[in-house]
Structure formats: C-alpha cells, structure tokens
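A.B. asks: Got a sequence here, can you model it:
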Amino acid sequence: MSNTSISTKKRRDLTEGSIAKTMLLFALPTLGSSALQSLNGSINAIWVGRFLGEEALAATANGNILMFILISFVFGFGMAATILIGQAMGRRNDTMVKKTMGTALGSIIPISVLVAAVGWIFAPMLLDLLGTPASAAGLALTYLRMIFVAMPVTLTFTLIMMALRGTGDSTTPLWFIIISVIIDLVLTPTLILGIGLFPEWGIFGSAFATAVANTLALIGMVATMYLRGSVLALRLPELRFLRADRDIIKSMFSKGLPMGLQMIVISSAALTMLSLINREGVQTTAAYSATQQLWTYVQMPAMALSAAASAMVAQNIGANQWNRVAGITRWGLIFNLILTGAMIAVLTIFDKTVLGLFLGSDSAAVPIGRHIQLMATWGYLFFGVAQVLFGTMRANGYVIWPLIVMVISMYPVRLGFAFGLYPTLGEDALWLSFPAGMVATALMGIGLYLYGGWRKGKILPAEEAAQRSEEFRAQTGTNASFRDILPTTVWKLSPLRRMTRLRRRLQRRLQKHRMRRKSKSSQRGV
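C.D. replies: This next block holds a predicted model:
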C-alpha cells in the first residue's frame, strides 16, 4: 500500500461521506478562489477604465481574449493531468500522482515558453486580424505583450492549483490566491498612477502588477507544498519524473488535446463575436468589456461546481465507487441552479451601479451595458448545467463528444444566430446569440449524459478501467443478470488491500451466521 505523505488536514477524501456536504466543502474554497481572482480583475478594470479611459478598457478586452485563445491548448493538458491525479488519488497510488505531476510540469513549462515567444512576435498581427479599434490598438499591444512575458508563471501557477484540487485540497490554492490578489491590488494603482517612488506605467503597470503577484504567490505555494510534505512535491530522487512518461503523456495528449480544442472553439467564437462588436464602436466594446466582468461572477458557481464534480467523480472512479457518481452530478446541478440563479438575480437588480464602477456613472456606455446584461445574462443558468455535466463526463476521459457539442453550439448556433438575425434584430442579435448557444449546449449535454457512452470511457490503461455501474444499467432500462453487472475489467489491488477486503467479507459472513444462530435460539426458547 502506498505511503501517503500529504497532510491529512489538507487532503480530503472525496470518496466517502455525504455527497452534498463534501461537494460544498470542496467547491466553496474553489468558488472563493474564483471570486477573488474575478474581484481582482474587476478592480484592475475599474482602475484602467476610470483613470486610463474607455480605449484602455477596450484594449484589455482585446488583449485578454487573445491571450486566452493562445493558452487554451496548454490549459487542456493541465485539465487532463488533474483528472489523472484525481483517479490515482482514488486508488491511493502516490507514485502515479508524482509521475503525472512531473510529466505535466516537464511538458507544459517548455510549451508555455514557446507560446509566449510566438505570442510576443505575432501580437500586432493578431490585433489587426481582430479588428481592434485604432484608438485602442497601441494600448492593447503593450498590455498583451506583458501578459505573454508572464505566461509561463501564470500557467505553472494554474497547473499546480488544479493539481492540488485533484488531490482533494482546495484550501491551499485559496490562500495563495488571497496573497496574489492582495499584492496585485496594492501594485496595480501604484504602477498605473506612479504613486510615490514608483514609475507611472499606465496600462503596462496593470499587466506587470499581475505578473509580479502571480510569481510571488507561485513561489510561496511551492515552498508550502514542500514544507507540508505534499504528495505532489518532487524530492531529489523523484525529479526524474520531470522527464515525460510515455504512457502518461499519451493519455494527457489524447484527453488534453480535445479539452484544449474545446477552449479554442469557445475563444475563437468569442473572437469572432468581438470582431462584430468592435464594428459597433469603442463605447459598445467598452460596455461589452464591462459586462464581461459581470459575467465572470455569474460563471463562478458553475465553474467551481464543475471542478468539484470532476475531482469527486475522478476519485470515486479511481476507488471504483460508481454508485456515487449520479449523486455527485445531481447535487452539482441543484447547487448550480441555486447559486447561479442568485447571482443572476443580484446582478440584474444592481447592474446600473456595478457597471458604473467600470465605466463611470455618467458614461454613455452604461445604458448599452445594462441592455447587454438583460438580454444575455440569464443564459448562464444553462451554461452551469452543461458545465456540471461536462465535469462529470470529463472525469472518465470522455472529451470528444463534449468538444463536438461545443463546436455545434458555438458556430452553427451562436454565430449563425448572430450573423443570420443581425439584419433583422440589429445589435440584439449579438447579445441574444449568447443564451442561444448556452441553451443548445445544455440540451446536448443532457443528451450526452443520459445516452452517451461516457461511463465506458477510460483515461488510464485498459486494465485499470472502471466497471459499468449497476445504476447506469437501471437508468438505461437494460435488463441484466447478476453475472452481467460484474466488472468487465477489475482494478488491480495490492496484496494488502486484497487481504483487507477478504477479512471484511469474512467478518460480515461470521456476523450474519451469529445472528442466525441467535434467532434460532430465541425461537427455541419461545
């Protein structure tokens, strides 16, 4: 049996106990991390919009979306690594956890450096292709290039946070997000405005402050992992794991590539939408950028619950407890309806006040932003449904069909709606295309969850694939004998675990035998 070294206080077993309670305890720190990151981004946007103008705010919108599309492939590999780590944790296989972590770090860091270099070189061309307004192009280029410089640190920070959540620890990432946010909140206005002895760097200062904050938080998080003896920490003899393991990299590539492509599909569709929105003028682009800040908060519960569902399902698959998977998904959907619905309601009531923070209460872009928010934000309720379902299916390596769903919902549905109805509805076609795509994604996601073959999928070698659950057969109405629901491929157990299971079975049989003898004795006495 493997020697687990991570602190039991930080390592949460997601395979036992109340599903609802476990999901909340895991998801809330993740939600808190997302909230803090979003709050930090929003405050930075307030500084940029209020002190540097609407052109600078439009520049950040163009820069952020380009950065997102270029890191999507790398991020997909990180998601695949998290799933592998979660499944290995469920099997209590610490060696596989370390191998996966080493392979992920040894592969993603060089790739991120390459992406950063390519992004720096081609940033002007990318902004031209996007149709960035001329008044915002120079600022967007400055902002984007600084983001590219910081990309290796940003991606490594994100990867380690995802890996920690895969081990069941969602609290440590929260603390270092808090540290990152505090540093960023202090540095951003200081470097934008040139307070005290610091230089006045404008929009460059905003990006530079975020890079410094992430770097310091990354150093602190890695140091903490080693001090606590985390299962993810690679000691000197284990540094050999940084050389990619062929089987792991193959699995990461086969599952990470579709997940990266899924993000590419989303971001490329968003790029196309942004090019259409840019044609409407700087004020509309600035209003859309401010509205995106609101949407970031609306998405947070869904993304946190999706991460929680994925980590919980991965560990339960690793532990061969398929009977808990449906319950995890069900509670994820319930919490999504409650939390996302509450966020939509709050932002609908206070949208004028919140948009005024980014744009200024007297800005002509505020009414445009309120209109966008009212037309489109309700669709995120369906976005959350799809994310929870995809998180469940992704935990078993089922990634191809979700990718196909995203292609259909982003292009034929969303962009088809925007282009096809623009002559009739004008700008409203752009805003209504967002919920149209989200509703389509949710409906197709429900179909995949109920009738797709995701329960048969495997992200690890065939000998470690999970059995079909009896519950799945019941849901699909398949009549099966007891022989049919036995594992088609069983987990390989260590000798000690086999002996433990055998001992428990013998104890249960002995207890039943004693109960029968007591019952017979009492009957004779009567």
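A.B. asks: ok, which stretches of the stretch 201-350 of the chain are helices?
C.D. replies: Under the criterion DSSP state H, counting those that start in this stretch, the stretch 201-350 of the chain contains helices at 203-228, 246-278, 282-318, 325-349.
A.B. asks: By mean pLDDT, show me the worst of these.
C.D. replies: Of all these, helix 246-278 carries the lowest average pLDDT, namely a mean of 78.
A.B. asks: what angle do the one helix or strand F176 maps to and helix 203-228 make?
C.D. replies: Assessed by DSSP states H and E, F176 sits inside helix 171-193. Taking axes from the mean of the first three to the mean of the last three CA atoms, to 10 degrees, helix 171-193 and helix 203-228 form an angle of 150 degrees between their directions.
A.B. asks: a markdown table for the helices of the stretch 201-350 of the chain, including mean neighbour count and distance to M79?
C.D. replies: (C-beta placed from N, C-alpha, C; glycine too.) What follows is the helices of the stretch 201-350 of the chain, written out as a markdown table (neighbours: other CB atoms under 10 Å; distance: least, CB to CB, whole Å):
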| stretch | mean neighbour count | distance to M79 |
| --- | --- | --- |
| helix 203-228 | 19 | 19 |
| helix 246-278 | 20 | 5 |
| helix 282-318 | 25 | 8 |
| helix 325-349 | 18 | 17 |
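A.B. asks: Which one of the ones you listed lies nearest to L24?
C.D. replies: helix 325-349 (7.3 Å; CB to CB).
A.B. asks: Can you spell out which helices and strands pack onto the helix or strand just after the closest one?
C.D. replies: Using DSSP H and E, the helix or strand that follows helix 325-349 in sequence is helix 351-359. Helices and strands touching helix 351-359, as assessed by 3 or more CB pairs under 8 Å, 6 or more residues apart in numbering; DSSP states H and E, comprise helix 19-51, helix 54-90, helix 282-318, helix 365-376.
A.B. asks: Could you give the separation of helix 351-359 from the chain centroid?
C.D. replies: 27 Å (CA atoms, centre = their mean, to the nearest Å).
A.B. asks: Same question for stretch 33-43.
C.D. replies: 15 Å.
A.B. asks: Can you list the buried residues in it?
C.D. replies: The neighbour-count check on stretch 33-43 (16 or more other CB atoms under 10 Å) flags 33-38, 40-43 as buried.
A.B. asks: And the contacts of that stretch?
C.D. replies: By CB atoms under 8 Å, 6 or more residues apart in numbering, the list of residues contacting stretch 33-43 from outside reads 161, 170, 173-174, 177-178, 180-181, 184-185, 188, 210, 293, 296-297, 300, 303-304, 357-358.
A.B. asks: mind running it again at 6 Å?
C.D. replies: 173-174, 177, 181, 184, 293, 296-297, 300, 304 (CB atoms under 6 Å, 6 or more residues apart in numbering).
A.B. asks: can you redo the residues you listed as a markdown table with distance to T441?
C.D. replies: What follows is these, written out as a markdown table (distance: CB to CB, whole Å):
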| residue | distance to T441 |
| --- | --- |
| P173 | 27 |
| L174 | 29 |
| I177 | 28 |
| V181 | 30 |
| D184 | 32 |
| Q293 | 22 |
| T296 | 18 |
| Y297 | 20 |
| M300 | 18 |
| A304 | 18 |
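A.B. asks: Farthest pair within those?
C.D. replies: Once CB to CB is applied, the contacts of stretch 33-43 give P173 and Q293 as the farthest pair, at 22.0 Å.
A.B. asks: so how far is stretch 238-249 off the chain centroid?
C.D. replies: In terms of CA atoms, centre = their mean, the centre of stretch 238-249 is set 24 Å apart from its chain centre.
A.B. asks: Can I get it as CSV, trimmed to CA atoms?
C.D. replies: In CSV, the C-alpha atoms belonging to stretch 238-249 read as follows (Å, rounded to 0.1, in the frame of the first residue of the first chain):
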residue,chain,number,x,y,z
GLU,A,238,11.8,12.0,-7.9
LEU,A,239,13.0,14.8,-10.2
ARG,A,240,13.5,12.1,-12.8
PHE,A,241,9.7,12.2,-13.2
LEU,A,242,10.1,15.6,-15.0
ARG,A,243,11.1,13.5,-18.0
ALA,A,244,7.8,12.7,-19.6
ASP,A,245,6.4,9.2,-19.0
ARG,A,246,5.3,7.9,-22.4
ASP,A,247,2.0,6.4,-21.2
ILE,A,248,1.1,9.4,-19.2
ILE,A,249,2.0,11.9,-21.9
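A.B. asks: Low-confidence regions, this protein specifically.
C.D. replies: 1-13, 50-51, 54-55, 58-59, 61-75, 130, 457-505, 508-509, 513, 518-526 (pLDDT under 70).
A.B. asks: Nice, that's everything, thank you.
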